[in-house]
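J.: Show me the folded form of this:
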Amino acid sequence: MDAFLAVGRIVSPHGIRGEVKIDVMTDFPSRFDPGSQLWLEGETAPCQVVAARSHKGHLLVQLDCLADRTAAEWVNGRYLLIPRDQAHVLPAGEYYQDELVGLEVVSEAGQVLGHLAEVVWTGANEVYLIEGALGELLIPAVAEVVQEVDLQRGRMVVKLIPGLLPELETVGGAPAGD
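T.: Take a look at the predicted model:
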């Protein structure tokens with residue numbers, strides 16, 4: 001997928017005519033305008049957008065390569081992609097999701113928390129799922145927490161605000177290690 005960039009993910013079929021419900025993963029909704037070309041993850045030829053409309057917080061999209069509900073069910077869970085060379089240049093401090101996945105995440109003090117495994121889209125803001133020795137951590141993708149992103153070094157530095165790390169386990173009512 002390195003030559004491509006995800007702009008949406010198919011979350012379910014909708015209706016009987018091959019329409020699919022999409023989680024939009026782009027700030028550029030024109031990617032889904034009728035006539036636009038999108039690639040289904042795993043396919044070699046593009047599909048053309050026939051129609052798109054908003055529906056209950058998602059986008060319903062009709063692609064010319066999905067003729068019916070059976071075809072739509074077959075692609076459920078797959079990403080809709082564009083060639084990376086068609087990606088818009090983002091302003092400084094903004095990143096495409098796939099540029100962040102895999103970054104090592106460390107605290108300001110240098111404590112390795114793990115690697116960024118997934119960007120979770122929420123209503124308020126994005127959240128980074130970090131997997132590491134402490135288990136899974138959810139880090140809000142906000143300026144107060146994310147202090148630095150260094151793509152060249154493959155690293156993200158975060159400020160540990162209260163509630164981000166799991167509480168210390170207690171032994172006999174006192175914090176472990178006391």
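
J.: End to end on stretch 97-110, go ahead and measure it.
T.: 24 Å (CA to CA, to the nearest Å).

J.: Could you list the residues in contact with it?
T.: Under the contact criterion CB atoms under 8 Å, 6 or more residues apart in numbering, stretch 97-110 has outside partners 1, 5-6, 25, 112-119, 128, 130, 132, 139, 147, 149, 151, 154-160. C-beta: built from backbone N, CA, C; applies to glycine.

J.: give me that answer again for 7 Å
T.: Residues from elsewhere that reach stretch 97-110 (CB atoms under 7 Å, 6 or more residues apart in numbering): 5-6, 25, 112-119, 130, 147, 151, 154-160.

J.: likewise stretch 76-94?
T.: In contact with stretch 76-94 (CB under 7 Å, 6+ apart) are residues 1, 3-10, 12-13, 22, 28, 31, 38-42, 96.

J.: Just the buried ones out of these, please.
T.: By neighbour count, with 16 or more other CB atoms under 10 Å, these hold 4-10, 13, 22, 31, 38-40, 96 as buried.

J.: Out of these, which sit inside strands?
T.: Here DSSP state E is the test, and these give 4-10, 13, 22, 38-40 as lying in strands.

J.: Whichever of the contacts of stretch 97-110 end up buried, select them in ChimeraX.
T.: What follows is the ChimeraX syntax for the buried subset of these, where burial is set by 16+ other CB under 10 Å:
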select :5,6,25,113,114,115,116,117,119,130,156,157,158
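
J.: picking that back up, and the furthest pair within the ones in strands among the buried ones among the contacts of stretch 76-94?
T.: 5 and 13 (23.9 Å; CB to CB).

J.: what's the pLDDT at the closest residue to residue 12 other than its chain neighbours?
T.: Nearest residue to residue 12, sequence neighbours excluded (CB to CB, 6 or more residues apart in numbering): residue 21, at 4.8 Å. With respect to pLDDT, residue 21 has a value of 97.
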